[in-house]
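Novice: coordinates only, sequence not included:
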């Protein structure tokens, strides 16, 4: 019986050593990332775009029905905003495992395009509050989603 317990004891030691080696290997591999790391430029870019849009909509509702509130008088704003969104989307797409952020930025761009179309369609009336408010609400939801997702990524890197 002594030989059986000695063989069993050796097998247990081998299993324990194998288990320790396996755990050591897993710990050495580090954490597995399911999404890209936090990107301060995307966080700040989404915040900046939101600020610009809110200020613009406020200005346009104030100038609704006046020449300075017409779509044609504000074409430059939409062109600049489109360029900022394209850069934000490009930056998000350049990182691996960032499909969610790319999608969120695309949705923001779609809702800003909807705002532009509303403004364009109202011609000389400008952008009255009744048109601007729902569009701005959608844009705020998109902006908040991008910012919240980036903040969550930042928290994940600090833990």
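Specialist: Structure received. A quick note: this is a predicted structure, and the numbers were derived from the prediction, not measured. Numbering: from 1, shown residues only.
Novice: Low-confidence ranges, this protein, go.
Specialist: Scanning the chain for pLDDT under 70 picks out the ranges 1-7, 25-33, 157-159.
Novice: can you do 50?
Specialist: Confidence mapping of the chain against pLDDT under 50 gives the ranges 159.
Novice: how is it carved up into domains?
Specialist: According to automatic domain parsing, the chain is divided into the following domains: 1-30, 40-158.
Novice: now, of those, which is deepest in the fold?
Specialist: domain 40-158 (a mean of 17; mean count of other Cβ atoms under 10 Å). The C-beta positions use only the backbone N, C-alpha and C, and glycine is treated the same way.
Novice: show me where the protein has helices.
Specialist: Taking DSSP state H to define them, one finds helices in the chain at 2-29, 40-62, 75-93, 99-121, 129-158.
Novice: In contact with residue 23, which residues?
Specialist: Not one residue lies near residue 23 by Cβ atoms under 8 Å, 6 or more residues apart in numbering.
Novice: ok, now residue 156?
Specialist: Residue 156 makes contact with residue 38, according to Cβ under 8 Å, 6+ apart.
Novice: Would you confirm that residue 93 contacts residue 104?
Specialist: No - contact criterion Cβ atoms under 8 Å: residue 93 and residue 104 do not qualify, at 11.9 Å.
Novice: Tabulate the helices of the chain (JSON lines), appending distance to residue 69.
Specialist: Conversion of those to JSON lines gives the following (distance: least, Cβ to Cβ, whole Å):
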{"stretch": "helix 2-29", "distance to residue 69": "58"}
{"stretch": "helix 40-62", "distance to residue 69": "5"}
{"stretch": "helix 75-93", "distance to residue 69": "12"}
{"stretch": "helix 99-121", "distance to residue 69": "9"}
{"stretch": "helix 129-158", "distance to residue 69": "11"}
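Novice: For the closest residue to residue 98 other than its chain neighbours, which residues are in contact?
Specialist: For residue 98, ignoring the flanking residues on the chain, the nearest one in space by Cβ to Cβ, 6 or more residues apart in numbering is residue 36 at 3.9 Å. Neighbouring residues of residue 36 by Cβ under 8 Å, 6+ apart: 95-98, 101, 153.
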